[in-house]
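Novice: with the input below, show me the fold.
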Amino acid sequence: MEVKMPVKEIMTSDVVTVDIKSDVSKLASKMLACNVGSVIVTDKNQPVGIVTERDIVRKIVSKNLKPDEISIKDLMTTPLITIPSTEDVTDIMHKMVKLEIRRLPVVENGKLVGIVTDTDLIAISAEMGNIFSDLIKMHREKIFSEPSGHVMKGICEDCGYISDNLLMVDGRLLCESCRET
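Specialist: Model prediction:
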């Protein structure tokens with residue numbers, strides 16, 4: 001059974017934006033004030049590009065330019081790769097890895113409604129791991145309420161490998177190899 005989770009469940013709705021006609025100094029100040037690593041560039045309230053800290057380093061700092069010597073239009077990355085709010089989180093993870101990008105703006109009917117970052121995906125993955133851990137503990141307690149303490153299949157708590165022959169030894173699930181050592 002595969003469970004789908006739409007991106008709208010994990011996206012950040014309050015997206016930092018800057019108008020394309022603004023200047024780079026104001027853009028950088030906004031990034032600092034909002035404590036973000038990127039801003040979405042808009043033109044007539046439509047998302048058209050993105051500027052990241054890396055863009056500033058690559059296109060301004062490394063070339064020893066002054067921020068006022070470059071326009072936001074020349075600084076931003078475009079075309080902007082976007083996703084709908086209904087797209088599946090797993091699909092987004094694959095897309096980000098394939099395209100080697102860390103941020104995906106969420107757009108509905110041409111309007112920016114959110115953004116998903118690699119940090120958001122890591123956070124949700126970590127939370128899912130915690131939930132799975134709790135479910136495993138819950139399941140384990142149910143299984144071991146039986147006197148035999150024998151489980152057919154699971155993960156050995158010593159070596160971490162999947163085993164078809166686990167046994168509870170001193171409060172830990174161990175495979176046959178780890179029980180012998």
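Novice: all contacts plus neighbour counts: C-alpha atoms, from now on.
Specialist: Noted.
Novice: buried ones in stretch 154-165?
Specialist: Buried residues in stretch 154-165, counted by 16 or more other Cα atoms under 10 Å: Gly154, Ile155, Cys156, Ser163, Asn165.
Novice: from those residues, which land in helices?
Specialist: Assigned to helices by DSSP state H, none of the buried residues of stretch 154-165 qualify.
Novice: quick one, strands of this protein?
Specialist: Secondary structure of the chain (DSSP state E): strands at 17-19, 38-43, 46-52, 103-108, 111-117, 150-151, 154-155, 162-163, 166-169, 172-174.
Novice: could I get the buried residues of stretch 154-165 as CSV with distance to Ser71?
Specialist: Shown next, in CSV, are the buried residues of stretch 154-165 (distance: Cα to Cα, whole Å):
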residue, distance to Ser71
Gly154, 58
Ile155, 56
Cys156, 57
Ser163, 59
Asn165, 65
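Novice: now, which of the residues you listed sits nearest Pro47?
Specialist: The shortest approach to Pro47 among the buried residues of stretch 154-165 belongs to Ile155, at 47.0 Å (Cα to Cα).
Novice: can you pull the contacts of the closest one?
Specialist: Taking Cα atoms under 8 Å, 6 or more residues apart in numbering, we find Ile155 in contact with Tyr161, Ile162, Ser163, Leu166, Leu173, Cys175.
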